[in-house]
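> Here you go, sequence then predicted model.
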Amino acid sequence: MPHFNKFVNFGYGPPGTGKTLLAKAVATECAMTFLSVKGPELINMYVGQSEENIREVFHKARSAVPCVVFFDELDSLAPNRGRSGDSGGVMDRVVSQLLAELDSLQSSAGVFVIGATNRPDLLDQSLLRPGRFDKLVYVGINEDRVSQLQVLQAILRKFQLDPAVNLQDVVDRCPTRMTGADLYALCSDAMTAAIKRKIQQINDGLDSEDSPVLLSAEDFSSALKNFRPSVSEAELLRYRSIHQELSGQ
Ligand SMILES: Nc1ncnc2c1ncn2[C@@H]1O[C@H](COP(=O)(O)OP(=O)(O)O)[C@@H](O)[C@H]1O
Ligand SMILES: [Mg+2]
């Protein structure tokens, strides 16, 4: 078995920017066992059960090295201690257990931990100390047309496009801030428009069910007409300032 050093990474950024997608890609790229755990799944109302759930995740990981453990939606698991307002202090104990597991990882090679959150401001700061989730990766919004086009092309790989569609033109007509999820929603709206158009044409006797549904420039236009980005300018500014704060600028 190859030797690995402790490797703990943490992704944060606005919703829909591809954090979960990125972690899944890591799992597919590396030939390693991948354990994916959503924060809320670990929380249990029975006394002691939430800590037990965390112990169990790390136990599973250690018995399957090399292994990637992905904690998604980590903010729900670890709101700031003392501020969470839960009567039994469940969150406090959960965070303590998670910290204990992360700290004891140093000696056991081969377990890689990745975390992700949309709300880095809610995270318990003790999770971000050196030796814990100490490598922070900001997963931001695509604001330049080049990367927006790349994401659009990736999303549309499985769609059939009318050869007349110019994706550069579609991207140029998008709002400047587009998350990956926004671009996906735009494509799915265009698909809905294409299907409606196709049904209309079949009813009018102009098309048949045998030919595939092709996304046309017109379908993208109708999708763009009602499109609103999911992350507002104000939210984006808030993420930028958190990003600057966390990267020590
Ligand atoms: N960079 C990207 N490239 C392609 N698709 C993306 C990208 N980012 C997001 N998406 C699309 O948006 C969906 C939601 O992304 P997700 O990874 O769940 O975001 P997050 O976890 O950051 O909230 C994905 O399933 C995918 O369809
Ligand atoms: Mg996610």
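Cool, got the structure. Ligands and ions are numbered 1, 2, ... in the order given.

> Okay, now the unreliable bits of this structure?
Low-confidence segments of the chain (pLDDT under 70): 1-8, 77-88, 106-109, 249.

> what are the ranges of the helices in it?
Listed in chain order, the helices of the chain (DSSP state H) span 19-29, 39-42, 49-62, 74-77, 90-105, 145-155, 167-172, 180-203, 217-225, 233-246.

> I'd like those helices laid out as a markdown table, including mean neighbour count.
Where C-beta positions appear, they are placed from N, C-alpha and C, glycine not excepted. A markdown table is the format used below for these (neighbours: other C-beta atoms under 10 Å):
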| stretch | mean neighbour count |
| --- | --- |
| helix 19-29 | 15 |
| helix 39-42 | 16 |
| helix 49-62 | 17 |
| helix 74-77 | 23 |
| helix 90-105 | 19 |
| helix 145-155 | 16 |
| helix 167-172 | 16 |
| helix 180-203 | 17 |
| helix 217-225 | 18 |
| helix 233-246 | 14 |
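
> for these, which one sits closest to ligand 1?
helix 180-203 (1.9 Å; C-beta to the nearest ligand atom).

> is any part of that closest one close to ligand 1?
Yes. Helix 180-203 is in contact with ligand 1 by C-beta under 6 Å from any ligand atom, via 180-181, 184.

> Using the record's assignment, carve the protein into domains.
As assigned by automatic domain parsing, the chain contains the domains 7-138, 145-230.

> Can I get the ones you listed in a markdown table including distance to Ser247?
Below are these laid out as a markdown table (distance: least, C-beta to C-beta, whole Å):
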| stretch | distance to Ser247 |
| --- | --- |
| domain 7-138 | 7 |
| domain 145-230 | 20 |
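
> For Glu245, find the nearest of those domains.
The minimum distance between Glu245 and the domains of the chain falls on domain 7-138, with 9.0 Å, by C-beta to C-beta.
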